[in-house]
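> Sequence below, structure please.
(2 chains)
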Amino acid sequence: MRNLQARYARDRVILFVVVIGTILAALPLTLVLFYAVVNGFSSLDWNFFTKGPKPPGETGGGMAPAIVGTLVITGTGLLIATPFGIAAGILMAEYPDNKLNPTLRLLSDTLNGMPAILKGLLAYVLVVKAQGSFSGFSGALAMAFIMVPIIAKSTESMLKLVPWNIREAGLALGLPRWRVILSLVLPAARGGVVTGMLLATARAAGEAAPLIFTAFGNTLLTLNLSQPMDALPLRLYAYAISPYEDWHRLAWAAALVLLALVVLTSLLARWATRGRF
Amino acid sequence: MSEFTPAANPQTGHTEIITPDPNAKTRIEARRVTVWYGQKAGVRDVDMPIYANKVTALIGPSGCGKTTFLRALNRMHDLTPHARVTGEVLLDGVNVYDPGVDPVEVRRKIGMVFQKPNPFPTLSIYGNVVAGLRLVGIRKKSLLDEAVERALTQAALWDEVKDRLHAPSMSLSGGQQQRLCIARALAVEPEVLLMDEPTSALDPISTQSIEDLLTELKKHVTIVIVTHNMQQAGRVSDYTGFFLNGDLVEFGPTNPLFTTPKDKRTEAYITGRFG
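From the prediction side, this is the model:
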């Protein structure tokens, strides 16, 4: 045991390195949070949540169109993405021998790694060009492109966690395979699938790039998906690069709200899967 | 029953000793059943009658192919990649492997209970029992209620759970879960019930309650039970098939097979010289 001291020393060194690494990794997040709170909190008032943007020079004004727009665009995106994402996840997890699978997997991985702005471009070509105008719907579609591969991947891995014997039990009852998957296997993976959906939402909600030439932005509050629509990241970007001091503060407040939405979604995801895994 | 006379298989050279029961009605007849896992055969050329409303036990040491053979009877190998079944399994005279036969229909007639209790975790006790009915579109409550009471009574679980039918299935003990799985299989009124070591994960008391069940159940269904517990085979079965290294060595009425086995390998196994 003569090396014992040396081993303890080595252990302490490794632990030190790990702790430092963790702190460095968490630092940016902490700084962003800190700045957002310090600079943005004072601007969070009733007006912020109820009013639309004011022209430069005028004081006051808020982010109501952006907050509502973000909720509508990501919500619609989630509605579009969910059936495709779950279907792809089912195909990859439950029918591993299917001929479509290698292609599907490649597409899914590519889509996952593709920069968000390209997904915006795709939505632009598919909807904005065709329709002739920017719209909330095209933004939602761009969001859906971001969400689909995330939902597909998480659905696939959650389904694979469901014990095989559940499927056998269902098949042995004389149930067709699709029925076993939809009614017995998918419900058993429900918590994980919902988590995947929420994480995809949180991820997409923070994207500004794909919305620049799809949802475009709008200073007026609208629920009409065929009209240009505002979104928090868009407004944040526009205000952050503006020369006006009070717009900068509003941008920080927008960042704070966006961050809160994302954290809330993640918490919701945890809550949905409480007591599992 | 000439197809069951012992004859050396020309390909494998092995001999099955089949002692048929001329007085019993055949429900399933396996003919030269071979299950391939890739290039390897899990069981080879098994011929065996399964008699109606009797309990047939499949015994043998671990890895001898008894479970493999059992799963061939209701086409459970269909889902195993690289697994392939050759030969015929005649259920009431119809080969379940005929191209025109739907495996879903086969499994409806031949139910299965697994080694580990596997109730559907997201469903209640009630939901588990009616799963096989409800998920094929039977919605009428009176029908479902009736099926639940009948199946749970047959599985000797009704008295224990009748006041909490909507409790989660996972709240039951292991032995109760296994009886729930039996009830679930019985609810769709199968002709045959395959049981794959149904008591191996259970304590002695739960084991006994399930063994007691079998005598009652065979009035309604034909039972095939895999067990590596010879005492259990002796207690519950009317016929026994002894498997060794993927071959059926001997099949016949349980009593004579246990007392005066015709093959010396059967004798060696039964007297505890191996396995």
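
> hey, let's count contacts and neighbours off CA atoms from now on
OK.

> So which residue is smack in the middle of chain A?
A:Arg203 (2.1 Å; C-alpha atoms, centre = their mean).

> which ones are touching it?
A:Arg203 is in contact with A:147, A:262, counting by C-alpha atoms under 8 Å, 6 or more residues apart in numbering or on different chains.

> And the pLDDT for B:Pro10?
pLDDT for B:Pro10: 54.

> just the strands in chain B please.
B:17-18, B:26-37, B:40-51, B:55-59, B:83-91, B:94-95, B:110-113, B:192-196, B:222-226, B:239-244, B:247-253 (DSSP state E).

> ok, back up a step: surely the residue nearest to the centre of chain A forms part of a strand?
No. Checked against DSSP: H, G, I helix; E, B strand; the rest coil, A:Arg203 lies outside a strand; its state is helix.

> could you dump the strands of chain B to JSON lines with mean neighbour count?
Below are the strands of chain B laid out as JSON lines (neighbours: other C-alpha atoms under 10 Å in any protein chain shown):
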{"stretch": "strand B:17-18", "mean neighbour count": "22"}
{"stretch": "strand B:26-37", "mean neighbour count": "20"}
{"stretch": "strand B:40-51", "mean neighbour count": "23"}
{"stretch": "strand B:55-59", "mean neighbour count": "28"}
{"stretch": "strand B:83-91", "mean neighbour count": "20"}
{"stretch": "strand B:94-95", "mean neighbour count": "16"}
{"stretch": "strand B:110-113", "mean neighbour count": "29"}
{"stretch": "strand B:192-196", "mean neighbour count": "25"}
{"stretch": "strand B:222-226", "mean neighbour count": "26"}
{"stretch": "strand B:239-244", "mean neighbour count": "25"}
{"stretch": "strand B:247-253", "mean neighbour count": "24"}
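
> Between those, which one is closest to chain A.
For chain A, the closest of the strands of chain B is strand B:110-113, at 5.6 Å, according to C-alpha to the nearest C-alpha.

> Counting by contacts, list what the closest one packs against.
The contact analysis (3 or more C-alpha pairs under 8 Å, 6 or more residues apart in numbering or on different chains; DSSP states H and E) places strand B:110-113 against helix A:164-172, helix B:174-187, strand B:192-196.

> picking that back up, can you tell me which of the strands of chain B comes nearest to A:Asn39?
A:Asn39 lies closest, by C-alpha to C-alpha, to one member of the strands of chain B: strand B:110-113, at 64.1 Å.

> Direction included, what does that closest one pair against?
Paired strands of strand B:110-113, with direction, are strand B:192-196 (parallel) (DSSP bridges).

> roughly how far out does the partner strand sit from the chain middle?
2 Å (C-alpha atoms, centre = their mean, to the nearest Å).

> what mean pLDDT would you report for stretch B:135-152?
Mean predicted confidence for stretch B:135-152 is 93.

> near chain B, which residues of chain A show up?
Contact residues (C-alpha under 8 Å from any C-alpha of the partner chain) of chain A with chain B: A:165-166, A:168-176, A:179, A:183-184, A:187-188.

> A:Ser108 versus the closest residue to chain B within the stretch 1-150 of chain A, what's the distance?
In the stretch 1-150 of chain A, the residue that lies nearest chain B is A:Asp97 (8.6 Å; C-alpha to the nearest C-alpha). A:Asp97 sits at a distance of 17 Å from A:Ser108 (criterion: C-alpha to C-alpha, to the nearest Å).

> same thing with A:Met147?
From A:Met147 to A:Ser108 the distance is 11 Å (C-alpha to C-alpha).

> Comparing these two, which residue is more hemmed in?
Set A:Met147 next to A:Ser108 and count neighbours by other C-alpha atoms under 10 Å in any protein chain shown: A:Met147 wins out with 31 against 20.

> Doesn't the more buried one lie inside a helix?
Yes. Counting by three-state DSSP, A:Met147 is located in a helix.

> residues touching it, list them.
Contacts of A:Met147 (C-alpha under 8 Å, 6+ apart): A:77-78, A:81, A:85, A:197, A:200-201, A:203-204.

> now the residues of chain A next to chain B: which count as buried?
Among the residues of chain A next to chain B, those buried by neighbour count (16 or more other C-alpha atoms under 10 Å in any protein chain shown) are A:165-166, A:168-176, A:184, A:187-188.

> For chain B, what lies in contact range of chain A?
For chain B, the residues in contact with chain A (C-alpha under 8 Å from any C-alpha) are B:74, B:76, B:103-114, B:118-122, B:132, B:135-136, B:184-185, B:188.

> Turn the strands of chain B into a markdown table, including mean pLDDT.
Putting the strands of chain B into a markdown table (pLDDT from 0 to 100) gives the following:
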| stretch | mean pLDDT |
| --- | --- |
| strand B:17-18 | 88 |
| strand B:26-37 | 94 |
| strand B:40-51 | 94 |
| strand B:55-59 | 96 |
| strand B:83-91 | 94 |
| strand B:94-95 | 95 |
| strand B:110-113 | 95 |
| strand B:192-196 | 96 |
| strand B:222-226 | 96 |
| strand B:239-244 | 95 |
| strand B:247-253 | 94 |
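
> can you redo the ones you listed as CSV with distance to A:Phe137?
Below are the strands of chain B laid out as CSV (distance: least, C-alpha to C-alpha, whole Å):
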stretch, distance to A:Phe137
strand B:17-18, 72
strand B:26-37, 52
strand B:40-51, 56
strand B:55-59, 63
strand B:83-91, 48
strand B:94-95, 56
strand B:110-113, 50
strand B:192-196, 54
strand B:222-226, 59
strand B:239-244, 65
strand B:247-253, 65
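
> Need the pLDDT of whatever residue of the stretch 1-150 of chain B ends up closest to chain A.
Nearest residue of the stretch 1-150 of chain B to chain A: B:Arg108, at 4.1 Å (C-alpha to the nearest C-alpha). As summarised for this prediction, B:Arg108 has a pLDDT of 94.

> No more questions from me, cheers.
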